[in-house]
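Novice: I would like to see how this sequence folds:
(chains A, B and C)
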Amino acid sequence: MSRPRDHIATPLTAANEDIASEAQRWESETRAPYVRKHPERRDPFLTQALRWPIRPLYTPADLAACGFDYLKDLGFPGQYPYTRGTQPNGHRSKLWTMTQVTGFGKGEDWARRARYMLEQGLQGLILEHDLPTTNGYDSDDPLVEGEVGRAGMALDSLEDLERALDLPFEKLKYLMSVCNAPQPVNLAMIIAALEKKGVDPRNFVLHIVNGILIEYTCVGRYIYPPVHGLRIATDCIEYIIRNHPNWAPISIISAQLQPAKANPVQELAFSMAIAMAYIDATLLRGFDIDTLAPYFHFVVNVDMDFFEGICKLRAYRKIWARLMKERYGASRPEALKICMMTSPTTIALTLQQPLNNIGRLAIMATACALGGAGENMTTPLHDEAHALPAEDAIRVGAALQHIVAHESGVAETIDPLAGSYYVETLTKQIEDAAMAEIDKITRMGGALRAIESGYFQQALGREQYERNKDLEEGRRKWVGVNHLVLPGEQRQIEIFRADQRMEEEQVARLRALRARRDNAAVARALEAVRAAAREGTNLVPPCLAAVKVYATHGELCNAMREVFGVHTPDSQLTGV
Amino acid sequence: MDVAAELLAGKVAAGARAIRWLDDRDPRGREVLRRIFGATGRAHIVGVTGPPGAGKSTLVDTLIAEERRRGRKVAVLAVDPSSPFTGGALLGDRLRMSRHALDEGVFIRSMATRGQSGGLSRATYDASLVMDAMGYELVIVETVGVGQDEIDVVRLAHSTLIVAVPGLGDEVQAMKAGLMEAGEIFIINKADREGFEQTRRHLELLLHLRAAQPATGTWQPPLLTAVATRGEGTAAIVDALDAHRAHLQKSGEFARQSSARCEAQFLALAHAAALEQLLARAPAELLAQVRARRIDPYTAAERLSDAAGNMSPAAGA
Amino acid sequence: MPEAPARPLRILLAKLGMDTHTVGITVVAHALRQAGMEVIFSGLKQTPEAVASAAIQEDVDVVGVSSLSAGHTRNLPRLARLLRERGAGDKLLLAGGVIPPEDVPLLQEAGFARIFTMGTDTREIIAYLERWWAGKLTAESTPA
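Specialist: Numbering: from 1, shown residues only, chains lettered A, B, ... in the order given. Sure thing, here's the model as predicted:
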């Protein structure tokens, strides 16, 4: 799929023509003879993810040939099209916010850890839920045996959340919840829990990811058919904008496409198409683009290919601005400026020789800074490849960001790589290819259609196969894995094991809850949810009423299953 | 295990093994077929075809549920293409029907085309006989559904369901040559989609034109709608299948088709066997001459049958 | 068009448990198809009962299970037992994913012939299967 598009050659200025012909002379008189004596170490040279050819040298003539125009393509920081940055002063006034992943925990354990982190000065926390919860099941469902509380918190009812949110809210300013498929249930529980704690929602930001379309595309934690998944997500966006306008109702975590081996063009195109699907659905609820667009957050990670990462970040800013302006007619800067968090990706890290990962993170964090780190950077900890973070790793991860910020100088001027012949050429190529792919997806009927027809999944399946082949056949060298391998290295695989006793306790609590609550009230509340599902009214209010009478997470998800059905996926393996 | 006996008793493992033998052209498969053949001819064979993206597998999944609700045992043959280069295949249809995995009254079997064109595999017919003999009242054959190759399923099935879907762009999508005339039940799936009205009008027109043809039989193909992901429209489809089956049985068509299939299979097998024998008796250089273009194919074929004619069947190769 | 081999190896790939990562199993599925095998995918979030049922209906030669959550110490032995109880104990059982070395003996005892941990080169898996398959075909064609 991905090939850089051949530009219609723009007539070169006399100066550039000279450069072009000098470049040709250099190639035939200087470089080629050298190469004949010293053959190149790769053939061909390709970028890591896109696998696009990399030329030996880039000159102003290349820029001219792709129609590069400084004012049109770059402009200035804080001005349309924001290629050089959404902030007028880069990182000179304010550095990106440095964060770490909270780590996992279950119920009270999570609360204890969270309290510790708040005491250490962290102001924001991430609520991760266990697999039964994100897939819409209660802890006592036979399907989920062995999974309860393992990958995150087990959230069966409001009671569980009340216990987990036993926190000093005067210190906590920000809470993020990741629970895409059952979003209205999760949202309702959080709202109800905050109410019970007496927290003023205006002094506090709840950020829900609400990213069901990426779940269908590659992550796999979905419940209902895609058209209903989108409706549910839209209900949540609408509810939050109308009732809690200071909250964040949607995150497009393009970073999740990376483990699925999306290349930068696919990442850009698929995530933008997905964003537009949410936008289109929400606009129908009576909002305008200038109000809506600022609510969208992107999480975009960089991989090890330094330049692909930097150019991708710049292209992201430009493409969002162009789409909002050209397709939706947005005019407010807040709507045109993408809100983006960037971080090094974990998929570049290895189990083997884990200390090497510190080096990798340094390179990727530098790429983030050079590409314009956006609001926020998270450094995944150097041994995340196989276990939960240890305290040393936490310290090193944090230090890395400070080293990049204060010792390297890359954040001292704005968008320092602009004008590089290679960087601008690659940025433009990525932009053009991504826009073409976005057009293609639009013609197909948008992201929803792409998901239903398996287009995204098949494209990703092909990439997965091809990239794996690159690795197996040695075209891609990965230190510790297929290059400079330590013979006899014991690869430790530590997994977070299920805690049977904890699971039993959770199940017992759940059963006790069901016994003592007002089951008639619960039944009525569930029927109201089913009615809203059928009639197309917003699902959040009836879910809110239901969680307050202690309807459980699984019961609410099942009520919606009865109306929406369940999604059986297109085979994701038909790409090749 | 005595595969033939066990499959006649309805044992899935035995039926699965028999299908494997037939698929692999293992001689044990032929043996089994000999023994079970008398028990075949009762199952209603239903073909399901249509373009990719029409939601065939999801539709079949809901059909299974509805048929089970009505107390019938259902078997499904899901056919997917083999790679023409490697011979391998990815068979993923069953995952759309995974909710029936534990229902003893449902037998789902995936098959690869293994070099066969036409949307089916060579062994699909034989596999349907096995399922028939096992006692499945309904055998659903879901084809590959790409290109114009869906036509083989029409010959195999008693009732062919053609699944269309709105908004795929090309209104003539599934209506490739032969399908419009041959399908018995037409379904517009994903009927809640944009473009539904257009698709419906188009199909109604085509069906109207078909009804006006003098060669048409007495069956009026219904145009149904469904939203398979919600299970909507399924009951009507099953009713139509029942009606069509009754229609075929009343007119004697049911039995006639079974005979025609039997004959077709016999001829195909005889064809293959005869060719094998002819080639075995061919003069050694004949094939080389054809390859070198020293003789034309017609002359070569004549020489082949001459060679066979000059030898008595008793003379070995 | 070249004739497909008369007896390609049929393998069922399944994911047990709630985990939905598909990259590993996708890559393996494609590689096996490229190697001429017929790969049947039973889907995500499968139970051992459903996988056993599918393995028998499809009469596969090999069952390959991917497990990235921690349920493998319970799920995988259960699957092996179910297959044996239903007379399908002669199918080759393989497991892959995140399986710590200390759990391997338990799985092998339960009937899993080989564990291919995360990151195994697909060519190694294919070579293993091809060797096994060749051995099986030879054993079957040798008169008893």
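Novice: what are the bridge partners for the residue most central in space within chain C, then?
Specialist: In chain C, the residue lying closest to the centroid (Cα atoms, centre = their mean) is C:Gly64, at 1.7 Å. Going by DSSP bridges, C:Gly64 is paired in beta bridges with C:Leu13, C:Leu94.
Novice: residue ranges in chain A under the pLDDT threshold?
Specialist: Low-confidence segments of chain A (pLDDT under 70): A:1-3, A:5-12, A:100-110, A:381-391, A:490-498, A:570-576.
Novice: what ranges does it have for its strands?
Specialist: In chain A, the segments counted as strands under DSSP state E are A:97-99, A:124-128, A:174-178, A:205-208, A:250-252, A:296-302, A:339-344, A:376-378.
Novice: contact partners for C:Leu129?
Specialist: Contacts for C:Leu129 (Cβ atoms under 8 Å, 6 or more residues apart in numbering or on different chains) come out as C:Leu9, C:Ile11, C:Leu32, C:Ala35, C:Met37, C:Val62. Any C-beta I mention is one placed from the backbone N, CA and C, and that applies to glycine too.
Novice: and the stretch 151-300 of chain A, which residues reach chain C?
Specialist: A:Ala151, A:Cys218, A:Val219, A:Gly220, A:Arg221, A:Pro259, A:Ala260, A:Lys261 (Cβ under 8 Å from any Cβ of the partner chain).
Novice: if we go to 10 Å?
Specialist: Contact residues (Cβ under 10 Å from any Cβ of the partner chain) of the stretch 151-300 of chain A with chain C: A:Ala151, A:Glu215, A:Cys218, A:Val219, A:Gly220, A:Arg221, A:Tyr222, A:Pro259, A:Ala260, A:Lys261.
Novice: any chance of these in JSON lines, plus neighbour count?
Specialist: Shown next, in JSON lines, are these (neighbours: other Cβ atoms under 10 Å in any protein chain shown):
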{"residue": "A:Ala151", "neighbour count": "21"}
{"residue": "A:Glu215", "neighbour count": "24"}
{"residue": "A:Cys218", "neighbour count": "24"}
{"residue": "A:Val219", "neighbour count": "21"}
{"residue": "A:Gly220", "neighbour count": "21"}
{"residue": "A:Arg221", "neighbour count": "25"}
{"residue": "A:Tyr222", "neighbour count": "26"}
{"residue": "A:Pro259", "neighbour count": "18"}
{"residue": "A:Ala260", "neighbour count": "27"}
{"residue": "A:Lys261", "neighbour count": "23"}
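Novice: farthest pair within these?
Specialist: Taking Cβ to Cβ as the measure, those span a maximum distance of 21.9 Å, between A:Ala151 and A:Lys261.
Novice: make a markdown table from the contacts of C:Leu129 and add distance to chain B, pLDDT and secondary structure to it.
Specialist: Listed next are these as a markdown table, based on distance: Cβ to the nearest Cβ, whole Å; pLDDT from 0 to 100; DSSP: H, G, I helix; E, B strand; the rest coil:
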| residue | distance to chain B | pLDDT | secondary structure |
| --- | --- | --- | --- |
| C:Leu9 | 9 | 96 | coil |
| C:Ile11 | 10 | 97 | strand |
| C:Leu32 | 7 | 95 | helix |
| C:Ala35 | 6 | 95 | coil |
| C:Met37 | 5 | 96 | coil |
| C:Val62 | 13 | 97 | strand |
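Novice: for those, which one is nearest A:Pro245?
Specialist: Set against A:Pro245, the nearest of those by Cβ to Cβ is C:Leu32 (51.8 Å).
Novice: nearest residue to the closest one in space, please, no chain neighbours.
Specialist: C:Val39 (5.0 Å; Cβ to Cβ, 6 or more residues apart in numbering or on different chains).
Novice: then that neighbour would be within a strand, right?
Specialist: Yes: assessed with DSSP: H, G, I helix; E, B strand; the rest coil, C:Val39 lies in a strand.
Novice: give me the low-pLDDT residue ranges for chain C?
Specialist: For chain C, the stretches with pLDDT under 70 are C:1-5, C:70, C:143-144.
Novice: can you name the residue of it nearest to chain A?
Specialist: Chain A sits closest to C:Thr20 of chain C, with a gap of 2.7 Å, by Cβ to the nearest Cβ.
Novice: ditto for the stretch 1-150 of chain B
Specialist: Closest point on the stretch 1-150 of chain B to chain A, by Cβ to the nearest Cβ, is B:Gly92, at 2.7 Å.
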